[in-house]
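S.K.: here you go, sequence then predicted model.
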Amino acid sequence: MTKPKYIFVTGGVTSSLGKGIISASLAKLLQSQGYNSAIQKLDPYINVDPGTLNPYEHGECYVTDDGAETDLDLGHYERFLGTNTSQKNNITTGRIYQNVINKERKGEFLGKTVQVVPHITNEIKENIRNLAEDKSLDIVITEIGGTVGDIESLPYIEAVRQIIYEEGSENAIVIHLTLIPYLRATGELKTKPTQHSVKTLMELGLKADILVCRSEKTVNLDLRKKIALFCNVKIDSVIESIDVDTIYDVPLKMMEEGLDTITIKKLGLKSKEPNLDKWKNFLHKLRNPKNEIKIGLIGKYIELKDSYKSILESLIHAGTENDVKVNVKSIHSEYINEENINDKLDGLNGLIVAPGFGQRGIDGKILTIEFARVNNIPFFGICLGMQMAVIEYAKNVKKINDANSTEISEKCKNPIIDLMTNQKEIINKGGTMRLGAWDCEIIKNTKSYSIYNKKLISERHRHRYEFNNYYNDKIFDENFVKAGINPNTDLVEIIENNSHPWFIGVQFHPEYKSSVSNPHPLFVDFVGASLKNFLKNN
Ligand code: GLN
């Protein structure tokens, strides 16, 4: 195996500059030249993983095949690259400390005093190198979360410094993502914050090799020269990253700016002819839709778009596949009631009820599902959305009055959705749900079977509750059917309503597996059905 090369992506000036998108775009460009690269995100917070975080904190929690609850940037990596990530692609300070403390308890440090340097920094380095070794990678891109200068990220920066020292600067480089703010009052772009953040990096022993400058306006040659001189980089290493209308445009913009060329040169690799035909084709379709539809996304974390990131991206992929622009109207389920539901859901061509936890906003979700069922509007229920679709049918069609989920009403008489048996003993909250990829056997002659066109599928999960099979005969009938079950446990994975144009609920999260190269078939078909619904009425 050849020795891997390392690219470290740091951020300066502010957070939320899009390090994840830049990293994913660079990896895409490297992949298009035949380099086998992977991305890793190091998060400087103390939670062991983001699984216990409220979506308002960091947006969606992204789940991998191996059941890791991770940062949403991993979703971008998978969607851009079309390759799977795992627990190893997202490490937090909490996990690093947990590993080190576990080793200390086992006596692995042979009586030494355990310290941030070298023990924590060594653990960080080991986690960076592990990724490359396991997958025989050519290039590892490691994104350091947070902003340079934060107290929390100091051990990471030190670990990066040591890796560059050990590997040599021809094998390991730093790309620093920074902001060039535009001052409207004076009509100028300002470089000083960038100079300061590069200086902070230098004080910590790191030199930025490439600067990616986020900006609302064009960074002209004079400004680039100034940035290059004061930040100690060559002019061709000052890369502009101007705001674009879709994240899927960023790889091509970065290619125009030469980010891939300069990176490859600095790492002593050979430039090859990139193959981005499929990507360009996707962008072309994205830019030239034949129709426009409106989908309602009903959830309770809608104030923050990132809460449902993967669903929104899956709809973009599915829209492109159907030559249609999908406009998403996010609607807060807490504020939907019987009086306003007609207004709130007016003009929507399809409805998605989002995943979620707890009681808040449940009634609005059930009302929405009834509205979709009765009015023949394509309906897609994901995880909690599927569970509530079963409750809605139980209550309104089967007249089981006290039908509920024990998550919502612990003592309800008819627990149609109930805690999974193996969840009953669990006390710890972190990493203990039914997580990751599980098999699902699709039942023949169902819509799902025709959509997937195969019998055995694998999808990712994140839940504690399930359909209570005790109610099997009381709920399911010739219209409302089970369309997928876990072959080992009989857990209901997919439900469908056959007397409806498109009504599917899934216990899993299909949104985690949709990518640019492989849009998810359920989303594609749901958008197709919503388009049909739109065309019928217009
Ligand atoms: N709260 C539900 C459960 O734990 C659904 C979870 C989800 O929507 N991801 O089963």
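M.R.: Arrived safely. Numbering: from 1, shown residues only.
S.K.: how near is the residue of the chain positioned farthest from its centre to the ligand?
M.R.: Distance to the chain centre peaks in the chain at G111, reaching 41.6 Å (criterion: Cα atoms, centre = their mean). From G111 across to the ligand, the span is 45 Å (Cβ to the nearest ligand atom, to the nearest Å). From N, CA and C alone the C-beta is placed, and that goes for glycine too.
S.K.: again with N232
M.R.: 47 Å.
S.K.: residue contacts, that residue?
M.R.: V198, M202, K207, A208 (Cβ atoms under 8 Å, 6 or more residues apart in numbering).
S.K.: of all the residues you listed, which comes closest to the ligand?
M.R.: A208 (39.8 Å; Cβ to the nearest ligand atom).
S.K.: and the closest one, how many neighbours?
M.R.: 25 (other Cβ atoms under 10 Å).
S.K.: assign the nearest residue to it once chain neighbours are set aside to helix, strand or coil.
M.R.: Nearest non-adjacent residue to A208, counting by Cβ to Cβ, 6 or more residues apart in numbering: H176, 3.8 Å away. Three-state call for H176 (DSSP: H, G, I helix; E, B strand; the rest coil): strand.
S.K.: just to revisit the earlier point, now do the residue farthest from the centre of the chain, the pLDDT please.
M.R.: pLDDT, G111: 91.
S.K.: before we move on, what about N127?
M.R.: 96.
S.K.: swap in the one 5 residues further on?
M.R.: Predicted confidence (pLDDT) for A132: 83.
S.K.: and it, what does it touch?
M.R.: P4, Y6, A38, V140.
S.K.: state the distance from it to I144.
M.R.: Using Cβ to Cβ, to the nearest Å, one gets 16 Å for the distance from A132 to I144.
S.K.: looking at this structure, which helix or strand is least sure?
M.R.: For the chain, counting by mean pLDDT, DSSP states H and E, helix 55-58 ranks last in confidence among helices and strands (a mean of 86).
S.K.: residue closest to the middle of the protein?
M.R.: G75 (3.0 Å).
S.K.: now that residue: which helix or strand?
M.R.: Assigned by DSSP states H and E, G75 falls within helix 73-81.
S.K.: output the contacting helices and strands for that helix.
M.R.: helix 19-32, strand 37-43, strand 62-63, helix 309-321 (3 or more Cβ pairs under 8 Å, 6 or more residues apart in numbering; DSSP states H and E).
S.K.: where do the strands of the stretch 151-300 of the chain begin and end?
M.R.: Assigned by DSSP state E, counting those that start in this stretch, the strands in the stretch 151-300 of the chain fall at 172-179, 182-183, 188-189, 210-215, 238-242, 291-299.
S.K.: before we move on, the earlier item: what's in contact with the helix holding G75?
M.R.: Contacts for helix 73-81 (Cβ under 8 Å, 6+ apart): 19-21, 23-25, 27-28, 31, 38-39, 41, 60, 62, 64, 83-85, 89-90, 143, 247, 251, 309-310, 313, 317, 512-516.
S.K.: surely S237 is in contact with I210?
M.R.: Yes. Here S237 reaches I210: they are 4.5 Å apart, a contact under Cβ atoms under 8 Å.
S.K.: can you tell me which residues in the stretch 351-500 of the chain are near the ligand?
M.R.: P355, G356, F357, C383, L384, E407, R462, H463, R464, Y465 (Cβ under 6 Å from any ligand atom).
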